[in-house]
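K.L.:
Pasting the sequence and the predicted model now:
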Amino acid sequence: MPRTEHLVGTRALLLAAARDEFAAHGMGGARVGRIAEQAGVSKERIYGYFGSKEKLFAAVISEALTEHATLLGPPSADLAEYAGRIYDLHRRNPQLLRLMMWEALYYDGGLPNEQPRTARYRGMVATLSEALGSQSETESGSESDTEAASTLLALIGLAILPTAFPQITRLILGTTADVPGGDDELRAHIVRLARRMVAPSSDALT
């Protein structure tokens, strides 16, 4: 195997092993030795590739978010169904939410790679603003973007809460086996709520 391919393959193995470790134990509880053992390399190799455990954690988060954005795609004209897509993606990939919750607990203030992540969300807000059609002759662009940003945050919150806090979901709804229709009905209800949330006020009253 050419050296370049070997390096890429080793890095991918390390990131995959680290994703499992960090998702399970967070930044504080993760152990470089376990990551190295799972990847089949020495601990020194990890430091050679990434420099530190914290930089490895940042690389894992960055890779997971990139995969997430690719799978989800941009906001669509059907914003309620977009909330359903967010729900589906996190139900299929709960590991990403665990990583982001560990990240929130570990960092107090700025995040690694914050600028490109902010730029990505700003792109989503701009796309959502178009989809909402919220900008009018009497509404400034900043007001339109603020509305779209708040809507995006609300859509994400609505869609991820059942996966992010399964204990709350269970306490309120019982297990999914107890809910008629299970996950499918919960998803449908989220989509209905999202549709009411993004509907024009005149439509919401009818």
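P.N.:
Great, that's in hand. Residues are numbered from 1 along each chain as shown.

K.L.:
where does whatever helix or strand Asp88 lives in sit relative to the chain's centre, distance-wise?
P.N.:
Assigned by DSSP states H and E, Asp88 belongs to helix 79-92. Relative to its chain's centre, helix 79-92 lies at 11 Å (Cα atoms, centre = their mean, to the nearest Å).

K.L.:
can you pull the buried residues of it?
P.N.:
For helix 79-92, the neighbour count (16 or more other Cβ atoms under 10 Å) marks 79-80, 82-87, 89-91 as buried. (C-beta placed from N, C-alpha, C; glycine too.)

K.L.:
Could you list the buried residues of stretch 25-36?
P.N.:
Buried residues in stretch 25-36, counting neighbours by 16+ other Cβ under 10 Å, are found at 26-27, 30, 32, 34-36.

K.L.:
from those, which ones fall inside helices?
P.N.:
Counting by DSSP state H, these place 26-27, 32, 34-36 in helices.

K.L.:
pLDDT weak spots in this structure?
P.N.:
1-8, 134-143, 176-181, 200-206 (pLDDT under 70).

K.L.:
could you pull out the strands for it?
P.N.:
Using DSSP state E, no strands are found in the chain.

K.L.:
Quick check: the gap between Ala30 and Gln38.
P.N.:
According to Cβ to Cβ, to the nearest Å, Ala30 stands 11 Å off from Gln38.

K.L.:
cool, and Ala23?
P.N.:
13 Å.

K.L.:
more neighbours, these two?
P.N.:
Ranked by neighbour count (other Cβ atoms under 10 Å), Ala23 and Gln38 place Ala23 first, with 20 against 15.

K.L.:
Just want to check the distance between that one and Ile172.
P.N.:
Noted for Ala23: a distance of 25 Å to Ile172, by Cβ to Cβ.

K.L.:
any chance of the buried residues of stretch 25-36 in TSV, plus distance to Ala154?
P.N.:
Formatted as TSV, those follow (distance: Cβ to Cβ, whole Å):
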residue	distance to Ala154
Gly26	27
Met27	28
Ala30	32
Val32	39
Arg34	38
Ile35	36
Ala36	42
